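> Compute the structure for the input listed below.
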Amino acid sequence: MKKKIAIAMGGYSSEYRISINSGNIVYKNLDRELYEPYRVHILQKEWFVVAEDDTPYPINKSDFTVTIDDRLVRFDCVFNTIHGTPGENGLLQAYLELLNIPQTSCGYYQAALTFNKRDLISVLQPYGIKTAKNYFLNKGEEIDLKAITDKVGLPCFVKANRAGSSFGVTKAKTEDDIVPAIKNALGEDSEIIIESFLDGTEVSVGVIGYQDDILALPVTEIVSENEFFDYEAKYLGKSQEITPARISEEDTKKVQDIAKMIYRKLKMKGYTRSEFIFHNGEPHFIEMNTTPGLSQASILPQQAEKAGISLQELFGSAIEAALKSK
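Down below sits the predicted model:
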């Protein structure tokens with residue numbers, strides 16, 4: 001019997017349109033001989049299944065079921081493609097765990113940890129993971145420009161602590177740029193992280209659970225036409241994404257090994273995509289994404305293709321691993 005798969009997409013953040021693109025790619029590429037997929041839009045005001053004719057059918061949040069044409073549908077697994085809250089920060093994972101419904105991304109604790117940039121780097125540093133110098137600031141706290149620049153220098157990056165797709169990120173070149181950058185970041189989150197500028201080659205490393213193993217995918221080099229890998233660079237073609245990256249075999253193995261080590265130490269599952277900058281010849285960890293984009297413009301599908309893994313194989317493997325974990 002075919003497994004009923006809810007493809008969760010949307011979310012409550014600025015990234016919801018990107019997530020819907022990812023979810024639709026999964027929907028189109030699942031093996032129809034094995035799975036019966038449903039597009040589930042999880043939005044701030046309502047949760048619903050979108051039928052083939054685009055009719056919405058409301059989700060019963062008490063048990064995550066849906067009734068379509070008088071037929072009750074219970075899902076065997078949830079394929080999580082939500083970027084931002086609630087699918088990337090642990091809320092959806094915790095909800096599904098309470099309902100005993102398997103899902104394809106990491107657990108709720110790992111999701112909450114990795115979604116919080118400040119907490120994640122604090123956890124990883126004792127393992128010897130190199131990062132940028134950083135300064136933490138919360139909404140309402142005094143903005144001490146001298147303390148900030150003494151700690152991280154100029155230029156620096158001002159980021160929303162809990163946001164993705166480069167929303168709420170500004171490169172501050174001068175001290176006068178910092179306060180407007182903080183205001184921009186506060187539009188996304190009440191917590192701010194300010195990081196020193198790392199000069200070097202930026203790379204992205206996908207690590208996935210695949211066929212009962214942990215696999216580091218080919219490394220992608222990011223060459224942005226803009227000041228940094230911002231929203232335009234990620235989604236509007238303002239960058240080159242070169243896979244495999246133009247780095248040595250030694251550096252490739254080094255950064256893949258670090259990404260896999262982080263995956264293991266944090267007891268991850270599903271897909272992750274970690275960003276690094278080779279600064280002074282050493283990979284410095286920037287952040288980890290646990291529900292990476294899966295659209296045509298996204299990095300992880302490009303890496304999987306280079307590794308000889310089709311989208312059908314990539315998505316099916318995640319579902320089978322989730323089902324097995326139950």
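
> Report the secondary structure state of the residue nearest to residue 222 when sequence neighbours are not counted.
Leaving out its chain neighbours, the residue that sits closest to residue 222 by CB to CB, 6 or more residues apart in numbering is residue 202, at 4.3 Å. C-beta: built from backbone N, CA, C; applies to glycine. Secondary structure, DSSP: H, G, I helix; E, B strand; the rest coil: residue 202 is strand.

> list the contacts for residue 202?
221, 222, 224, 229, 275, 276, 277, 278, 286 (CB atoms under 8 Å, 6 or more residues apart in numbering).

> Which of those fall in helices?
Assigned to helices by DSSP state H, none of these qualify.

> all helices in the stretch 51-200 of the chain, in order from the N-terminus.
91-98, 108-115, 117-124, 145-152, 178-186 (DSSP state H, counting those that start in this stretch).

> Could you point out which of those helices sits nearest residue 69?
helix 91-98 (25.0 Å; CB to CB).

> Can you give the domain ranges for this protein?
3-105, 112-130+198-325, 134-196 (automatic domain parsing).

> which of the helices of the stretch 51-200 of the chain is buried the deepest?
For those, ranked by mean neighbour count under the definition mean count of other CB atoms under 10 Å, the leader is helix 108-115 at a mean of 21.

> From residue 169, how far out is residue 17?
To residue 169, residue 17 is 18 Å away according to CB to CB, to the nearest Å.

> With neighbour numbers in mind, choose between those two.
Legend: neighbour count by other CB atoms under 10 Å for residue 17 and residue 169, higher for residue 169 (23 against 14).

> Show me the beta-bridge partners of the closest residue in space to that one that isn't next to it in sequence.
The shortest distance from residue 169 to any non-neighbouring residue, by CB to CB, 6+ apart, is to residue 159 (4.8 Å). In this entry, residue 159 is beta-bridged to residue 169, residue 193, by DSSP bridges.

> For the residue nearest the centre of the chain, which non-adjacent residue is closest in space?
When CA atoms, centre = their mean is applied to the chain, the residue found nearest the centroid is residue 289 (2.8 Å). Closest residue to residue 289 apart from its sequence neighbours, by CB to CB, 6+ apart: residue 273 at 4.7 Å.
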